[in-house]
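# below are the sequence and a predicted model; questions follow.
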Amino acid sequence: MSATETVKRTPLYDRHVAAGGKIVPFAGYELPVQYAGIIAETTAVRNGVGMFDVSHMARLWFRGERVVEFLEWVTANDIRGLVDGQGHYSLLPNDQGGLVDDIITYRVDDTTFRMVVNAANHAKDVAWLHSQNKFGVEIEDETEGTAMIAVQGPRAAEVLAGISNIPDQLRSAGLFQLSEGTIGGVKCFAPCSGYTGEHGFELICAASDAGRLWDALLEAGVTPCGLGSRDTLRVEAGLPLYGHELGDDMSPISAGLGWVIKKDIPYLGSNIIEKARAEGTPTKLQGVRLDAKRLTSPGMKVFVDGNEVGEVSSGVVSPTLDCGIAFAFLDASVKLKTPCEVDIRGRREPATVVSKRFLKG
């Protein structure tokens, strides 16, 4: 971030400070990296329910008679397969076979969709979408006027149901299913989604109501959590992060996201991406589980039988698994269960190549 750029604050900034959150700059915002600590917050989400201020993520509306046609062109997942009140994880491919971003798209009705994109890519994504809009679609950026709170964990649905006027919808909601109603006295758009590997919801409300919703969740016993535990949770769950596992010049096939691309009609970059799917890629994203509780960082080299085979893209110490874990782009020939070593500041630490979905491996 340059010296001329202004760091933003979400509508919940004062709540974070009052609760003792350790504030750090992230994606142009001042956000809490932790409250009680990464281990305590990770455990709260895995075993109960925690919440994250994710208002920094960008929220967009799309409206128009040709909105389905437009979104089929600019996104990689099957837009026509969605029904009203349903969403899915998807990608914004570029014309070079890489990715502008990874996203979540929701169908409200046949002429209205919503999209959530990464905070660091906000301006880039909006500019890209406008540049590709030859379909007369209205694109509205609602980020500044709204807030978003992710409520995550095995108790998320039950806790939200207890302070909502739509309890049955919340209790029965499946992944990416939409609910709309009042939660904690606040009108919310409540898709069943998240970035932790646990059941949960990402509640979107008016910015002016964000504090009231946060307070209601606190009163209901939801644990406030920061960026540190969110990163730990997403790596444990095998979820990629743009800028680490995804990028403008990185193939979604190499990142193991071929399953996201389910349609058989042309889309941006489809010729290059489909060629990579058919022929394979030189590297493949894998999981690496260390024998010890060691923290790895992006760029650290991975070795098999003394030969360098790739490098780490993300790494954390997992409270759930009680060891270091990492994502790494490795030579495509490296198989699961292969013993390996990670060079951590000149010392090679023993590890094993495993599924990147660590909690299911």
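Thanks, I have it. Numbers count the residues shown, from 1 in each chain.
# which other residues reach stretch 234-241?
Under the contact criterion Cβ atoms under 8 Å, 6 or more residues apart in numbering, stretch 234-241 has outside partners 42, 102, 195-198, 231, 246, 255, 257, 285, 287, 314-316, 318, 320-321, 325-327, 355-360. The C-beta positions use only the backbone N, C-alpha and C, and glycine is treated the same way.
# pretty sure Val159 sits in a helix.
Yes - when the secondary structure is assigned by DSSP: H, G, I helix; E, B strand; the rest coil, Val159 falls within a helix.
# what about it, how many residues nearby?
Using other Cβ atoms under 10 Å, the number of residues around Val159 comes to 20.
# so where's the chain shaky on pLDDT?
Applying pLDDT under 70 to the chain picks out residues 1-5, 361.
# how does it look with 90?
1-6, 262-264, 360-361 (pLDDT under 90).
# and the residue lying closest to Glu311 once chain neighbours are set aside, how far from Phe329?
Nearest in space to Glu311, with sequence neighbours left out and distances taken as Cβ to Cβ, 6 or more residues apart in numbering, is Lys301 at 5.3 Å. Taking Cβ to Cβ, to the nearest Å as the criterion, Lys301 is separated from Phe329 by 11 Å.
# picking that back up, restricted to strands, list the contacts of stretch 234-241.
Among the contacts of stretch 234-241, the residues falling in strands (DSSP state E) are 102, 285, 287, 314-316, 318, 325-327.
# and those, which two are furthest apart?
Farthest-apart pair in the ones in strands among the contacts of stretch 234-241 is Asp102 and Ser318; separation 22.4 Å (Cβ to Cβ).
# which residues touch the most centrally placed residue in the chain?
By Cα atoms, centre = their mean, the mean C-alpha position of the chain lies nearest to Tyr195, the distance being 4.7 Å. By Cβ under 8 Å, 6+ apart, the residues touching Tyr195 are 54, 150, 152, 230, 233-234, 237, 239.
# thinking again about what came up before, shared neighbours of Lys301 and Phe329, which are they?
If you check Lys301 and Phe329 against Cβ under 8 Å, 6+ apart, the residues they both contact are 310-311.
# ok, these two, which is more surrounded?
Ranked by neighbour count (other Cβ under 10 Å), Lys301 and Phe329 place Phe329 first, with 22 against 15.
# would you mind measuring from the more buried one to Gly299?
Distance, Phe329 to Gly299, using Cβ to Cβ: 11 Å.
# before we move on, what about Thr338?
Between Thr338 and Gly299 the computed distance is 21 Å (Cβ to Cβ).
# just put the ones in strands among the contacts of stretch 234-241 in CSV and tack on distance to Glu279 and neighbour count.
Output for the ones in strands among the contacts of stretch 234-241, formatted as CSV (distance: Cβ to Cβ, whole Å; neighbours: other Cβ atoms under 10 Å):
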residue, distance to Glu279, neighbour count
Asp102, 23, 23
Leu285, 17, 24
Gly287, 24, 21
Ser314, 26, 22
Gly315, 30, 24
Val316, 33, 23
Ser318, 34, 22
Ile325, 30, 28
Ala326, 27, 28
Phe327, 23, 27
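# give the contact list for the nearest residue to Ser164 once chain neighbours are set aside.
If the residues on either side of it in the chain are set aside, Ser164 comes closest to Ile183, at 4.6 Å by Cβ to Cβ, 6+ apart. Contacts for Ile183 (Cβ under 8 Å, 6+ apart) come out as 160, 163-164, 166, 190, 203, 213, 216.
# kindly indicate which of these lies nearest Ser90.
Ranked by distance to Ser90 (Cβ to Cβ), the contacts of Ile183 are led by Ala190 at 19.6 Å.
# how many residues are close by the closest residue to the closest one other than its chain neighbours?
Across the structure, with Cβ to Cβ, 6+ apart as the measure, the residue nearest Ala190 apart from its sequence neighbours is Ser179 (4.4 Å). As a burial measure, the neighbour count of Ser179 was computed by other Cβ under 10 Å and equals 21.
# ok, Ser179 touching Gln169?
Yes - checked against Cβ atoms under 8 Å, the pair Ser179 and Gln169 is within contact range at 4.3 Å.
# quick one, helices of the stretch 251-361 of the chain?
Along the stretch 251-361 of the chain, the segments classed as helices by DSSP state H, counting those that start in this stretch run 270-279.
# what's the closest of the ones in strands among the contacts of stretch 234-241 to Met250?
Leu285 (9.4 Å).
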